[in-house]
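Visitor: Sequence plus the predicted model coming up.
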Amino acid sequence: MKTLTFPGSYSSLVKIGEFVTQAAKSIGFDGFELYKIETAVDEACSNIIEHAYGQENIGDIVVSVVTDLEKITITLTDFGEPFDPKYVKQPDLDADLEVREDHGLGIYMMKQWMDVVIFDTNQEKNVLTLVKYLKD
């Protein structure tokens, strides 16, 4: 397992992305599958900054990556406000673009693009686990 801690700021997103991308490439992810991983992690970290911490530079994001021959597991931990995904409204994908909410697609997209998405929250921390399997 490789673990790095980053400041919870939008300027950290590039470095977090590089850290995760390097690990994903090392086991064979490329193309659109790599893009899915990068985008899911970027969206998750943006949500941590905006919703868990409420603004930039309030707390850290701990990023852990585990790889094996068949998958990458990314764990994002923050110490902000507790998050319960059951309170997140599902996006209305059939709504016209003019009336569609400009928020709410991130979690939906993570669940569509990653094979496993697990939210675990307690009073001390939020832990998001993202898993993507290599396809044959």
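Guide: Received it, and whenever you're ready, just let me know what you need. Numbers count the residues shown, from 1 in each chain.

Visitor: Do you have the strands of the protein handy? List them.
Guide: Ranges of strands within the chain are 2-7, 60-67, 71-78, 116-121, 126-133, based on DSSP state E.

Visitor: Just give me how far the lowest-mean-pLDDT helix or strand in the chain sits from the chain centre.
Guide: Least confident element among the helices and strands of the chain, by mean pLDDT, DSSP states H and E: helix 105-113 (a mean of 87). Here the centre of helix 105-113 is set off from its chain's centre by 9 Å, with CA atoms, centre = their mean, to the nearest Å.

Visitor: If you compare the directions of it and strand 116-121, what angle comes out?
Guide: 140 degrees (axes from the mean of the first three to the mean of the last three CA atoms, to 10 degrees).

Visitor: Just list what helix 105-113 packs against, helices and strands only.
Guide: For helix 105-113, the elements it packs on are helix 31-47, strand 116-121, judged by 3 or more CB pairs under 8 Å, 6 or more residues apart in numbering; DSSP states H and E. For glycine as for every other residue, the C-beta is placed from the backbone atoms N, C-alpha and C.

Visitor: orientation of the longest one relative to strand 60-67 in degrees?
Guide: Using the same axes, to 10 degrees, the direction of helix 31-47 lies 150 degrees away from that of strand 60-67.

Visitor: residues making contact with helix 31-47?
Guide: Residues outside helix 31-47 that contact it (CB atoms under 8 Å, 6 or more residues apart in numbering) are 10, 12-13, 16-17, 20-21, 24-25, 29, 61, 63, 72, 74, 76, 106-107, 109-110, 113-114, 128, 130, 132, 134-135.

Visitor: how near is residue 108 to residue 49?
Guide: 19 Å (CB to CB, to the nearest Å).

Visitor: More neighbours: the two, which one.
Guide: Neighbours per residue (other CB atoms under 10 Å) separate residue 108 from residue 49, with residue 49 holding more: 23 against 14.

Visitor: would a markdown table of the strands of the chain with distance to residue 45 be doable?
Guide: Listed next are the strands of the chain as a markdown table, based on distance: least, CB to CB, whole Å:
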| stretch | distance to residue 45 |
| --- | --- |
| strand 2-7 | 8 |
| strand 60-67 | 6 |
| strand 71-78 | 7 |
| strand 116-121 | 14 |
| strand 126-133 | 9 |
